[in-house]
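> coords please:
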Amino acid sequence: MVTSLTTPDATLAAIEAALPIDPQPYTIGDRPTGLIVVDVLNGFCTVGFGPLAPTEPNQQIATMVSESDRLAKAFTAKGWPVLAFLDTHEPGKPEPPYPPHCEKGSGEEKLVPELEWLETHPHATLIQKDCINGFIGSIDVDTGNNSLISWINQHKLEALVVVGICTDICVMDFVVTMLSARNHDMVPTLKDIAVYTEGCSTFDLSAEMAAQQGLPKTAIHPQEIAHHVGLYTMAERGAFIASTILM
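Modelled structure (predicted):
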């Protein structure tokens, strides 16, 4: 019997061929547009900063951080609104299937140093969320009001540009829910949701690493493949996948 060995690059190429995406430049023009920054936090981006942070420098994450910062500065310079989600959990309250992370007071829940300036910028809105999906995390459980929806409607936004981490988890869940909210007329002015490829990233966890940590097979997470599948899923649901953002 002959065993075929497939390299990671060959696997990625096969998946890209089977699940194609076609990123194109996205031009904002004169449409009212807001920037959504998803979870660009120490706990997901800063080396060694918690159980879900990278264990060593990672180029995809570094690019995402720098591009998120560049776009946020470009938006605020034009007086355009920016909304940043901050994954923030009460200490001791679990979020299955993940280990405790981004707990209040740990520093993991804080924006990375490059984006700390958003905390005090007049054109920036920060929303703490205690779950994967920023749309759900924006709901006040006592009143039912959704601060994200209010922000979009207040600014009469016609487009959202989305960046952040993780492409296939928090970014994807937010985008696919937001597309449904748009189609359900919860945000009457919203037309486009553009996901910027270089402004998104996810994490890498090999089968060996998962086994060493006693994690189930569902924890295995090849970075490039997961990133691509996340982008493909968002495109399939109706998001615009952007190779660059033209302002």
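> C-alpha from now on. contacts and neighbour counts both.
Fine.
> now do the closest residue to residue 100 other than its chain neighbours against residue 115, distance only.
Using Cα to Cα, 6 or more residues apart in numbering and skipping residues adjacent in sequence, the residue nearest residue 100 is residue 94, 6.2 Å away. Using Cα to Cα, to the nearest Å, we find residue 94 at a distance of 27 Å from residue 115.
> name the residue in these two with the higher neighbour count.
When neighbours are counted by other Cα atoms under 10 Å, residue 94 and residue 115 differ, and residue 115 comes out ahead with 20 against 14.
> make sure that one is actually in contact with residue 69.
Yes: distance between residue 115 and residue 69: 6.0 Å, which falls inside the contact criterion (Cα atoms under 8 Å).
> on that earlier part again, do you know how far the residue nearest to residue 100 is from residue 202?
Following Cα to Cα, the distance that separates residue 94 from residue 202 is 21 Å.
> and if you look at residue 53?
For residue 53, the distance to residue 202 equals 10 Å [Cα to Cα].
> tell me which of these two has more neighbours.
Between residue 53 and residue 202, counting by other Cα under 10 Å, residue 202 is the more crowded of the two (28 against 19).
> that one touches residue 168, doesn't it?
Yes: the pair residue 202 and residue 168 qualifies as a contact (Cα under 8 Å) at a distance of 7.0 Å.
> common neighbours of those two, please.
Counting by Cα atoms under 8 Å, 6 or more residues apart in numbering, the contacts common to residue 202 and residue 168 are 226, 227.
> and the worst-scoring helix or strand of the chain on mean pLDDT, what's buried?
Every helix and strand of the chain was ranked by mean pLDDT, DSSP states H and E. The lowest is helix 207-212, at a mean of 86. Buried residues in helix 207-212, counting neighbours by 16 or more other Cα atoms under 10 Å, are found at 207, 210.
> give me the buried positions along the lengthiest helix in the chain.
Among the elements of the chain assigned as helix by DSSP state H, the one spanning the most residues is helix 59-77. Within helix 59-77, the residues that qualify as buried are 60, 61, 64, 65, 67, 68, 69, 71, 72, 73, 75, 76, counting by 16+ other Cα under 10 Å.
> wait, isn't the first one in contact with residue 204?
If I follow you right, that is residue 60. No: Residue 60 is beyond contact range of residue 204, at 10.1 Å (criterion: Cα under 8 Å).
> what ranges does the chain have for its helices?
Ranges of helices within the chain are 8-18, 42-45, 59-77, 134-137, 147-155, 172-183, 207-212, 223-237, based on DSSP H.
> just to revisit the earlier point, which residues does the longest helix of the chain contact?
If you take Cα under 8 Å, 6+ apart as the criterion, helix 59-77 is touched by 34-35, 37, 40, 45, 81-82, 114-115, 123-124, 163-164, 198-203.
> try stretch 225-244
With Cα under 8 Å, 6+ apart as the contact definition, stretch 225-244 has outside contacts at 12, 15-16, 19-26, 166-169, 172, 175-176, 179, 192-198, 201-202.
> pLDDT on stretch 47-58, on average?
Average pLDDT, stretch 47-58: 94.
> so what touches it?
Counting contacts by Cα under 8 Å, 6+ apart, the residues touching stretch 47-58 from outside are 42, 43, 44, 45, 46, 99, 100, 101, 102, 108, 203.
> reformat the residues you listed as TSV; add neighbour count and distance to residue 156.
Putting the contacts of stretch 47-58 into TSV (neighbours: other Cα atoms under 10 Å; distance: Cα to Cα, whole Å) gives the following:
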residue	neighbour count	distance to residue 156
42	23	31
43	27	32
44	27	31
45	30	32
46	24	34
99	11	38
100	17	37
101	25	34
102	28	32
108	25	33
203	22	34
